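S.K.: One predicted model, sequence on top.
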Amino acid sequence: MNLSKFSRRQTIEVQIGTTKIGGKNPIAVQSMTNTATADVAASVAQIERIADAGAPIVRLTAQGKAEGEAFASIMPQLRGEGYNTAIVADIHFVPQIASIAADYVDKVRINPGNYRTDGGELEALIEKCRKRGVALRIGVNHGSLARHIVDTHGDTPQGMVASAMEFLRRCRDCNFDQVVVSMKSSNTRVMVHAYRLLVEAMEGEDMHYPIHLGVTEAGNGIEGRIKSAVGIGALLADGIGDTIRVSLTEAPENEIPVARMLVEHFSARSGEFTVLHPERYSPTEYRRRSDIQTPIVHSEISDEFMVIDALSQNPTTEWRAAILNLENQKQPVVIRRRYTDSDLTTVAIKAAADMGQLLLDGLADGVWIDAPQFSSEDIEQIELHILQASRVRISHTEYIACPSCGRTLYDIEGTLAQIKQRTSHLKGLKIGVMGCIVNGPGEMADADYGYVGAAAGKITLYKGREVVERNIPQEQALDRLIEIIKQNGDWIEC
Ligand code: SF4
């Protein structure tokens, strides 16, 4: 990692259909459909909407044979309609489906945590991919690590890296390099540390595979955008990342302008800053630098705090260098930057992308978005969301909501809105809202309560990792969730 200036990590080029990522190629943005994959007409229409919004890569879930075989119809229809969009099949459990999908698609994503690979199934898939020129993504998720990894490393960034490296070495042993790797988590600190550790581990073994960045279950609206910008921005700022997905619990095409804005935001990062004490920086371990326990927003500033303005085109590196160079390392610091955009969401995304890293690394003690074109209250809300997304100060209810996909069993966007309406005053509570019972419970990580699609029209409710109500009709599920929150003493009247 270059602490003084922006430099993009050198990676090999991977070909995904007609799209290339890694090497000198621009960072590609991508999204995922939430139609039933086997509904070919609906899936093709949604791929085209996502492509029209500007994504060269689109992923679809392939959980069973019908979905795997649907690619036989989806691909020619899409190409026939003039779309060269690179298509990715997302496989979770069944290696045979990867093998079916690899006959048609441009890339296959497998999750080492729940993909059974005994008996040479990975090697067989690699051979198939090699023959057809299909790329492979090793997609590790914090919430679904394999049992043997959790037993050895725990549920940690180190475990995520061990899981990825195990599969990457097998790819290398097969002499197959058309590989992309990801380390997703809904916890931005875990996610950023995992990617940095992965880069370290890959460099140590002379591996230069491109990296796919994403924060899982980021939710929707301004919070979802800020959370993704914090996690993805913290890595793009150091040149890590060759393709990105901003996951939102919204129509997938809404993800693309946010992703494009992030790519554009990090495209010009000139400026070089001397770092006198690189040894003070700990990129893969969280350490609070000062004694401030609760980082502040602009309206809370006092004489105790030093304000550091970043004026260059590379504010993240500029702030980091200035803080690491401070003689008194205990000096509390607020980072400030002027944003002149006329749209509040744009300011929120840019500020989150610039400032998040300093909070995730424990270097900054407060944020100040200097944007007098908006009210102080609006700016304060954005600042609070940035602090929350960076996991240094909790001021809102946190929703760990999946973006939905072809496995989703209910209208997750509408349901999330209803859940928010009734619970958004429960400050500090984490509520998971997940589309399917197969991946949902694992992926909602450290949620206090969970609302998970179990079957068509049926919801299963969780308290932590324990099932409290199984398969209840969806019409009753929100009331029951609130009763459970009350029974556990976590409810407050608003
Ligand atoms: S948790 Fe959501 S995004 Fe993940 S597989 Fe299930 S429905 Fe799809």
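M.R.: Ah, there it is.

S.K.: Next up, the contacts around the residue of the stretch 51-200 of the chain found nearest the ligand.
M.R.: Here the residue of the stretch 51-200 of the chain nearest the ligand is T61; by Cβ to the nearest ligand atom that distance is 6.1 Å. Every residue, glycine included, has its C-beta placed from N, CA and C. When the contact criterion is Cβ atoms under 8 Å, 6 or more residues apart in numbering, the partners of T61 are 32-33, 37, 67, 90, 92, 405-407.

S.K.: Find the residue ranges of this protein scoring beneath the pLDDT cut-off.
M.R.: Counting by pLDDT under 70, the chain contains low-confidence residues at 116-118.

S.K.: what residues does it put near the ligand?
M.R.: Applying Cβ under 6 Å from any ligand atom, one finds that the chain approaches the ligand through 402-405, 407-408, 434-436, 439-440, 443.

S.K.: One more pass at 8 Å, please.
M.R.: Within the chain, the residues that sit near the ligand (Cβ under 8 Å from any ligand atom) are 32, 34, 61, 63, 92, 216-217, 402-409, 412, 434-436, 438-440, 443, 453.

S.K.: Which of these fall within helices?
M.R.: Taking DSSP state H, the ones among the residues of the chain next to the ligand that sit in helices are 412, 440, 443.

S.K.: between those, which is nearest E300?
M.R.: Distance to E300 across these (Cβ to Cβ) is lowest for E443, with 34.5 Å.

S.K.: Spit out the contact partners of that closest one.
M.R.: With Cβ under 8 Å, 6+ apart, E443 has these contacts: 141, 143-144, 186, 216-217, 402, 434.

S.K.: Report how many residues lie close to the residue lying closest to L236 once chain neighbours are set aside.
M.R.: Beyond its immediate neighbours in the sequence, the residue positioned closest to L236 (Cβ to Cβ, 6 or more residues apart in numbering) is F266, lying 4.3 Å away. F266: 24 surrounding residues under other Cβ atoms under 10 Å.

S.K.: Repeat that for D490.
M.R.: Other residues within reach of D490 by the criterion other Cβ under 10 Å amount to 15.

S.K.: ok, now how distant is the residue nearest to it when sequence neighbours are not counted from the ligand?
M.R.: Using Cβ to Cβ, 6+ apart and skipping residues adjacent in sequence, the residue nearest D490 is L429, 5.9 Å away. L429 sits 20 Å away from the ligand, taking Cβ to the nearest ligand atom, to the nearest Å as the criterion.

S.K.: I'd say L429 and T423 touch.
M.R.: Yes - at 7.1 Å, L429 counts as touching T423 under the criterion of Cβ atoms under 8 Å.

S.K.: List the contacts of the helix or strand where A201 lies.
M.R.: When secondary structure is defined using DSSP states H and E, the element that contains A201 is helix 188-204. Contact with helix 188-204 is made by 1, 9, 140, 142, 156-158, 160-161, 164-165, 168, 181, 183-185, 208-209, 211, 213, 215, 227, 230-231, 234-235, 240, 283-286, 356-357, 360, 389-391, as judged by Cβ under 8 Å, 6+ apart.

S.K.: Can you dump the C-alpha atoms of it in PDB for me?
M.R.: The C-alpha trace of helix 188-204 is given here as PDB (Å, rounded to 0.1, in the frame of the first residue of the first chain):
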ATOM      1  CA  THR A 188     -17.400  -2.300   6.600                       C
ATOM      2  CA  ARG A 189     -14.500  -2.700   9.000                       C
ATOM      3  CA  VAL A 190     -14.400  -6.500   8.500                       C
ATOM      4  CA  MET A 191     -14.800  -6.000   4.800                       C
ATOM      5  CA  VAL A 192     -11.900  -3.500   4.400                       C
ATOM      6  CA  HIS A 193      -9.600  -5.400   6.600                       C
ATOM      7  CA  ALA A 194     -10.300  -8.700   4.800                       C
ATOM      8  CA  TYR A 195      -9.600  -7.100   1.400                       C
ATOM      9  CA  ARG A 196      -6.300  -5.600   2.600                       C
ATOM     10  CA  LEU A 197      -5.300  -8.900   4.200                       C
ATOM     11  CA  LEU A 198      -6.200 -10.600   0.900                       C
ATOM     12  CA  VAL A 199      -4.000  -8.300  -1.100                       C
ATOM     13  CA  GLU A 200      -1.100  -8.900   1.300                       C
ATOM     14  CA  ALA A 201      -1.600 -12.700   1.100                       C
ATOM     15  CA  MET A 202      -1.800 -12.600  -2.700                       C
ATOM     16  CA  GLU A 203       1.300 -10.400  -3.100                       C
ATOM     17  CA  GLY A 204       3.100 -12.900  -0.700                       C
END
